Every structure is written in C-alpha cells, then in structure tokens.
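J.: What follows is a predicted protein model with its sequence.
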Amino acid sequence: MLARALRLDDDERTYLFDLAQSSRAKSRTPSRRRDVEVPPRVQWLLGSMTMSSAFVRNGRTDVIASNPLARALYAPMFDSATSDKRGRPNIAQYIFLDPGAHDFFVDWDATGNATAALLRAEAAREPRDRALRDLIGELSTLSPEFRNQWAAHDVLIRHDGIKRLQHPEVGHLELTFQHLDLPLSSRAVHNLIIYAAEPGTASEGRLKLLASWSATPFRAADPLHRSGAPTS
C-alpha cells in the first residue's frame with residue numbers, strides 16, 4: 001500500500017521491501033557470505049556467445065564468470081590493479097578507484113551512478129554481508145565521487161540501454177546491453193550481462209575484430225599495427 005501511494009517503480013519497491021525485511025533481522029553481526037560457484041552449464045552458455053560480450057556479476061559487482069569477448073572488451077578492467085589475486089575484477093572498484101575508468105567509460109558519471117545504485121540495493125538486501133560492508137567502506141574512504149553518489153540514495157537500476165566505451169585497441173564502441181536475472185542460488189543475486197552491437201554499424205565491425213582476437217590464443221604483440229584496426 002505504501003509503495004503504491006509513493007508511486008515507486010519496481011526497483012524502488014524492492015529496495016523498500018528489502019529495507020523492511022533487514023530491519024526485522026534478529027542478528028546484526030556482519031557475516032562472511034560464501035561465494036556461489038558458477039555451474040559448468042553457465043560457463044558453457046557464456047562460451048557459446050561468440051559475437052556478444054557476456055559475463056556474470058554478483059550483487060557486490062564481482063565478475064565471477066565471463067566469455068573471451070567480455071575479457072577482450074573489458075581488458076582495461078581485467079588488467080587493472082583493482083582486480084583480485086585471481087584476476088577477478090570488481091566493477092565498482094575499477095570504476096571508482098582506477099583513474100583509467102574515466103577514459104574507458106565515455107559516460108562515466110552515468111556508469112558510476114548506476115554502480116552505486118546497485119551496491120545500495122545490495123546493501124538493503126544483505127545488510128550483514130561483511131565483504132559488502134568492506135567494499136563500501138573502501139570506496140567511501142578512497143573515492144570522493146563514490147561518497148557523493150552514495151549520499152544521493154539512488155536505487156534506480158538500468159536493465160537495458162546503451163553503453164559507450166573508448167577501447168584502447170579498437171576505439172569508440174556504442175553497444176546495447178541487457179541485464180538478465182540468473183538464479184544461481186536461492187539467496188544471492190546474480191545477473192547475466194550481455195553486450196552486443198547494432199548490425200551494420202562501425203561498432204559491430206570493431207566488436208568483430210575484438211572477437212577474432214579473443215578467439216586467437218597467441219595474438220601478435222601489436223595487433224593494431226598489423227591489422228590496420230580503426231582507432232576512433
């Protein structure tokens with residue numbers, strides 16, 4: 001009734017319900033939530049998408065599975081010093097703690113806002129997740145941009161749209177994205193994120209070039225020079 005009276009959208013309604021549920025929790029002691037293993041069938045699904053970038057993200061914005069094109073498309077994030085010891089990137093850490101993210105994401109402000117909203121929704125859903133608290137604390141301490149966006153209390157989550165990237169090897173990319181819920185467990189939230197290019201566009205050609213490189217185990221040291229790849 002309250003959600004209807006306030007005219008909340010689906011994301012805001014979910015956030016309100018999660019807050020109400022968390023306020024009734026008996027224990028407020030932070031806990032270490034066990035990471036969910038990605039089933040082989042999901043990795044097979046990702047690998048079958050050869051012309052689309054696809055990866056699985058958990059509620060803390062850890063990338064826990066990806067296909068070769070996703071690793072090529074998001075090479076600056078996978079290669080970032082913000083990735084963990086296993087080479088697993090965290091999207092929020094890359095966006096807010098790696099200065100290169102400002103160049104990679106053409107619409108950095110919108111990307112940062114969306115990522116902060118994802119973490120806020122997860123914090124309402126899992127208020128006792130110690131790893132999530134540590135992540136939010138790190139971002140709040142080290143990133144003034146995150147502090148400002150966290151204070152905005154935005155919980156609007158984009159499930160589809162346009163993402164513009166400035167890739168260091170193939171140049172400007174304008175891609176469509178789609179978020180799909182992936183039920184890997186009864187509790188934890190996981191999303192399948194797919195990026196594709198509109199047929200017939202320059203971005204499609206550049207994405208195909210990335211796909212061909214990602215499918216080749218041993219790339220030349222300077223693929224741009226050898227292939228005459230577009231740079232803008």
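T.: On my side now, so go ahead.

J.: Counting neighbours, which bits of stretch 185-200 end up buried?
T.: By neighbour count, with 16 or more other C-beta atoms under 10 Å as the criterion, the buried positions of stretch 185-200 are 188-197. C-beta: built from backbone N, CA, C; applies to glycine.

J.: next one: stretch 76-90
T.: Neighbour counts using 16+ other C-beta under 10 Å place 76-80, 82-83, 89-90 of stretch 76-90 among the buried residues.

J.: closest to residue 215 among those residues?
T.: Nearest to residue 215, judged by C-beta to C-beta, of these is residue 78 at 16.6 Å.

J.: one step back: out of the buried residues of stretch 76-90, which is nearest to residue 202?
T.: Using C-beta to C-beta, the shortest approach to residue 202 within the buried residues of stretch 76-90 belongs to residue 76, at 20.2 Å.

J.: so residue 181 sits right up against residue 193, yeah?
T.: No - contact between residue 181 and residue 193 fails when scored by C-beta atoms under 8 Å: they sit 11.1 Å apart.

J.: quick one: low-confidence parts of the protein?
T.: The chain contains residues with pLDDT under 70 at 1-34, 157, 186, 217-232.

J.: Strands along that one, start to end?
T.: Counting by DSSP state E, the chain forms strands over residues 53-58, 63-66, 160-167, 171-181, 190-196, given from the N-terminal end onward.

J.: Tell me which of those sits nearest to residue 205.
T.: With C-beta to C-beta as the yardstick, what comes closest out of the strands of the chain is strand 171-181 (10.2 Å).

J.: Which stretches in this structure count as helices?
T.: In order along the chain, the chain carries the following helices (DSSP state H): 2-5, 10-23, 40-48, 68-73, 75-78, 91-97, 101-104, 108-125, 130-142, 144-151, 202-214, 223-227.

J.: Turn those into CSV, including distance to residue 177.
T.: As requested, the helices of the chain are exported to CSV (distance: least, C-beta to C-beta, whole Å):
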stretch, distance to residue 177
helix 2-5, 27
helix 10-23, 16
helix 40-48, 15
helix 68-73, 11
helix 75-78, 15
helix 91-97, 13
helix 101-104, 15
helix 108-125, 11
helix 130-142, 22
helix 144-151, 20
helix 202-214, 12
helix 223-227, 25
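
J.: Tell me which of the ones you listed lies nearest to residue 56.
T.: Each of the helices of the chain was checked against residue 56 via C-beta to C-beta, and the shortest separation belongs to helix 40-48, namely 6.6 Å.

J.: tell me the angle the closest one makes with strand 190-196.
T.: 10 degrees (axes from the mean of the first three to the mean of the last three C-alpha atoms, to 10 degrees).

J.: Buried ones in helix 40-48, by neighbour count?
T.: Buried residues in helix 40-48, counting neighbours by 16+ other C-beta under 10 Å, are found at 42, 45-46.

J.: How far does that helix sit from its chain's centre?
T.: Here helix 40-48 is found 18 Å from its chain centre; the criterion is C-alpha atoms, centre = their mean, to the nearest Å.

J.: Closest to the centroid, which residue in the chain?
T.: Most central in the chain under C-alpha atoms, centre = their mean is residue 91, positioned 5.0 Å from the mean C-alpha point.

J.: what separates it from residue 40, distance-wise?
T.: Plainly put, residue 91 is 24 Å away from residue 40 if you go by C-beta to C-beta, to the nearest Å.

J.: Equivalent analysis for residue 166, please.
T.: Taking C-beta to C-beta as the criterion, residue 166 is separated from residue 40 by 34 Å.

J.: quick one: contacts for the nearest residue to residue 167 once chain neighbours are set aside?
T.: The shortest distance from residue 167 to any residue that is not its chain neighbour, by C-beta to C-beta, 6 or more residues apart in numbering, is 5.7 Å, and that residue is residue 173. Contact analysis of residue 173 by C-beta atoms under 8 Å, 6 or more residues apart in numbering lists 73, 164-167, 197, 203, 206-207.
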